[in-house]
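# Okay, here's the prediction I keep looking at, along with the sequence it came from:
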Protein chains: 2
Amino acid sequence: MSKENKYCYDYPRPSLTVDCVVFGFDGLSIKVLLINRGVEPFKGKWALPGGFVRMEESIDEAAARELKEETSIHSIFLEQLYTFGAPERDPRGRVVSVAYFALINLHHFNAMAGDDAQKAQWFSLQDFPPLAFDHAEILRMAVYRLKGKIRYQPIGFELLPEKFTLVQLQNLYEAVLEMPLDKRNFRRKMLSTGLLIELNEKDMRSTRKKAQLYQFNQEKFNELSKKGFNFEI
Amino acid sequence: MSKENKYCYDYPRPSLTVDCVVFGFDGLSIKVLLINRGVEPFKGKWALPGGFVRMEESIDEAAARELKEETSIHSIFLEQLYTFGAPERDPRGRVVSVAYFALINLHHFNAMAGDDAQKAQWFSLQDFPPLAFDHAEILRMAVYRLKGKIRYQPIGFELLPEKFTLVQLQNLYEAVLEMPLDKRNFRRKMLSTGLLIELNEKDMRSTRKKAQLYQFNQEKFNELSKKGFNFEI
DNA sequence: ACAAAAGTGTTCTGTCTACACCCATGC
DNA sequence: GCATGGGTGTAGACAGAACACTTTTGT
């Protein structure tokens, strides 16, 4: 390094990794995607997908790359969460990890992942196995962020299929917030944002009355974001 | 490293630094504390206080230590902001920086810093010099966070002396939010949180009518936090 | 007595909350 | 025709916004 560069400090360096907390929604509850570790340390234990940051890539790129390598998931909502750097968090030595949190709808996942997903499994947030490293703490913080963020940013749509019903959307909110919501108030509120496009289609899968399908209005959202608006559920 | 540890990967590693965005309030406007760099790269330019993370300390500890070393400031509000890791952000090579944001009241600072503060200077957010590295971007994000956070967390008190008047508090909010606030509504709102202790003292420095002094009620805040409450200005 | 800064209430308006029945469809 | 799930309106409570004068005190 001192050869390539004029100004070079050579302090010892921690290793740098990324870890991704990937949330999915199956229509009933929120799930998190975990990988069964094939190597030591914590071989055989469950962990968040992640790995080492390479020298030539940004941290965001590393998170996206690791996620793709380990789960085949790509092009999804991915946002930096927090950086974890307690000295003893990794038995291999000093490893600092930048955690990300990601949202995907399970249909996209099934389409993308295919065979690659053998070592990956979805777990309920109410009932998941012991995790490697400090990944339980990372997961806890990601859940906290998800609960907070869904109230003031329209990120819920990332967890649903492109076309969805208001009942599905409400089920999602209730699952994330872990509380029941009033149906009429919820609908009024959501529709009043103007962020939902009413489609000329009904959901044909429901066995009884067919539900109206909606789509998230991305253009409208971009427009409102510029003007600094406030989404609040 | 492979000697000390059983499980060792040896990927090349980025350097890891911390940078602190320290905000102060002088009664009129918000200031940020910058250091004049004494060494290359960017020698003579202004930059955020910060430096390399040591192998035996956590990142939080590194931020507190660097802040103390460079400015004598210690024991203040300090919270992780975001991690910056674009490959070209530092001309010395690959350096990833965990940014922190900090709040201090200027009286504490003057008491602490003394002589050490020669290379440190406070700058207005409306008018500060070009910054080294990507520190302008870090500062931008810190300001954004401060504006957002002050609305739903009682962090404003960190920027004021222990005893303060409601007018001072309102001036602070107006400076941070960059908007005028209605005096009567602001007072009603603040007092209704129950987070202010009315003291048996008046501010004797004001030249005309003496203003009532208040103190932040930390115990009450801790209590309310546990029950998950909502502060909203 | 007057200038400067602190302090104080009320009305209006819009939003959140609570709440119960009808509609469409498949069996 | 009935069971299942989708869809709808209103009244009361509450909180935010707008707004102007009185009090204290130093000069």
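Yep, it's here. Residues are numbered from 1 along each chain as shown, chains lettered A, B, ... in the order given.

# Would you list the phi and psi of A:Arg187?
In terms of degrees, to the nearest 10, the main-chain angles of A:Arg187 are phi -60, psi -50.

# Please enumerate the helices of chain A.
Counting by DSSP state H, chain A has helices at residues A:59-71, A:106-113, A:135-152, A:166-177, A:183-192, A:218-226.

# Next, the buried residues of the shortest one.
Taking 16 or more other CB atoms under 10 Å in any protein chain shown as the basis for neighbour counts, the residues of helix A:106-113 that come out buried are A:Leu106, A:His108, A:Phe109, A:Met112, A:Ala113. For glycine as for every other residue, the C-beta is placed from the backbone atoms N, C-alpha and C.

# likewise the third one?
For helix A:135-152, a neighbour-count test (16+ other CB under 10 Å) marks A:His135, A:Ile138, A:Leu139, A:Met141, A:Ala142, A:Val143, A:Arg145, A:Leu146, A:Lys149, A:Ile150 as buried.

# picking that back up, for DNA strand D, tell me which of the buried residues of helix A:106-113 show up nearby.
For DNA strand D, no contacts are drawn from these by CB under 7 Å from any atom of the strand.

# from the chain's centre, how far out does stretch A:152-170 sit?
The chain centre lies 14 Å from the centre of stretch A:152-170; the measure is CA atoms, centre = their mean, to the nearest Å.

# Flag every residue of chain A that's near DNA strand D.
Chain A comes close to DNA strand D at residues A:165-167, A:183-185, A:187-188, A:206-212, as judged by CB under 7 Å from any atom of the strand.

# Of these, just say which sits nearest to chain B.
A:Asn185 (18.0 Å; CB to the nearest CB).

# I'd guessed A:Phe128 sits against A:Val32; true?
Yes - at 6.6 Å, A:Phe128 counts as touching A:Val32 under the criterion of CB atoms under 8 Å.

# List the residues that contact the most centrally placed residue in chain A.
By CA atoms, centre = their mean, chain A has its centre lying nearest to A:Ala102, at 2.0 Å. A:Ala102 makes contacts with A:Cys20, A:Val21, A:Val22, A:Phe23, A:Leu67, A:Ile73, A:Ile76, A:Phe77, A:Leu78, A:Glu79, as judged by CB atoms under 8 Å, 6 or more residues apart in numbering or on different chains.

# okay if I get the buried residues of helix A:106-113 as TSV plus pLDDT and distance to A:Pro87?
Shown next, in TSV, are the buried residues of helix A:106-113 (pLDDT from 0 to 100; distance: CB to CB, whole Å):
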residue	pLDDT	distance to A:Pro87
A:Leu106	89	37
A:His108	85	38
A:Phe109	85	35
A:Met112	75	37
A:Ala113	74	35
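
# what comes into contact with stretch A:127-134?
With CB under 8 Å, 6+ apart as the criterion, stretch A:127-134 contacts A:32, A:34, A:37, A:41-42, A:45-48, A:84, A:86, A:89-90, A:97, A:123, A:136, A:139.

# Burial check on the nearest residue to A:Leu33 once chain neighbours are set aside, number of neighbours?
Leaving aside its sequence neighbours, A:Leu33 sits nearest to A:Val22 (CB to CB, 6 or more residues apart in numbering or on different chains; 4.1 Å). A count of nearby residues for A:Val22, using other CB atoms under 10 Å in any protein chain shown, gives 27.

# and A:Val22, what are its bridge partners?
For A:Val22, the beta-bridge partners are A:Ala102 (DSSP bridges).

# so what pLDDT did it get?
You'll see A:Val22 listed with a pLDDT of 98.

# can I see the domain layout of chain A?
According to automatic domain parsing, chain A is divided into the following domains: A:15-152, A:160-226.

# Fine by me, thanks again.
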